[in-house]
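Chemist: need coordinates for the below:
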Amino acid sequence: MGETVKLWTIQHFSAWQKLEKTGKLTAGIKHVSPDRRPAYQWMSAQMEERTPNYPAAYSAKYPLWAWVKPKPNLRHGGHLEAGTRGVRIAFESHPDDILQSGFMAWHSVLNDSYCSMAEAEAEWFSCREDRAAKDPSSEPHVDADKRASWKRIFDLSLLGEHEDWCGTVSLVQATLGQLTLDQVTHVDFFTGR
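Modeler: Numbering: from 1, shown residues only. Predicted coordinates for the structure are as follows:
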């Protein structure tokens, strides 16, 4: 496989069964809540643009999520709903097959907000949004500028320079088009807490 990145993904037990049966796992719309779909569609478009090996066939699907660091600790809750059977799948992927981003910065996309690097910048953009709400012609590019700021989530060096505001970059996630059974190196079964 050559150069690889070690990753972990948390999935429902049924996803593991599907991966064992078909040899591959992809994401789909039914697993994404309606309020998060625009953010996931944006990430899918970014995968298509930024990831050399992201096949066009995946563009209609949603990406799978994985952790680059840290390895998810199954002793902690919050991975799945309490009582839900799940798996932590360790796997390896070629760097060209994944798109890494800052987990905390990703929340700007999820919350449809500007990805600022400092409090002063957040306040500046908030003033622009207030002006646009009162008179859209006064700030015609406010939405485009907000969306452009989201691309900062992929610049881990930039995020690291602003950890006090953006949150730690020790939480790095990755998205990918699909996971194949031959990539799997270890599986841990657990029940959500």
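
Chemist: average pLDDT across stretch 84-95?
Modeler: For stretch 84-95, mean pLDDT rounds to 94.

Chemist: one more: stretch 109-118?
Modeler: 94.

Chemist: only alpha carbons, please: show that stretch as PDB.
Modeler: Output in PDB follows, covering the C-alpha atoms of stretch 109-118 (Å, rounded to 0.1, in the frame of the first residue of the first chain):
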ATOM      1  CA  VAL A 109     -19.300  24.700   8.900                       C
ATOM      2  CA  LEU A 110     -21.700  22.700  10.900                       C
ATOM      3  CA  ASN A 111     -23.100  25.900  12.500                       C
ATOM      4  CA  ASP A 112     -23.100  27.900   9.300                       C
ATOM      5  CA  SER A 113     -20.800  30.500  10.900                       C
ATOM      6  CA  TYR A 114     -17.700  32.400  10.000                       C
ATOM      7  CA  CYS A 115     -14.400  30.500  10.700                       C
ATOM      8  CA  SER A 116     -12.500  33.300  12.500                       C
ATOM      9  CA  MET A 117      -9.000  33.100  13.900                       C
ATOM     10  CA  ALA A 118      -9.500  35.600  16.700                       C
END
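
Chemist: ok, and what's touching it?
Modeler: The contact list for stretch 109-118 (Cβ atoms under 8 Å, 6 or more residues apart in numbering) reads 36, 38-39, 42-43, 105, 108, 121-122, 125-126, 129, 145-146, 149-150, 152-153, 158, 161-162, 165-166. Backbone N, C-alpha and C define where each C-beta goes, glycine included.

Chemist: now those: which count as buried?
Modeler: Neighbour-count burial (16 or more other Cβ atoms under 10 Å) applied to the contacts of stretch 109-118 gives 39, 43, 105, 108, 125, 129, 146, 149-150, 152-153, 162, 166.

Chemist: nearest to A66 among those?
Modeler: M43 (12.7 Å; Cβ to Cβ).

Chemist: doesn't that closest one lie inside a helix?
Modeler: Yes: the assignment for M43 (DSSP: H, G, I helix; E, B strand; the rest coil) places it in a helix.
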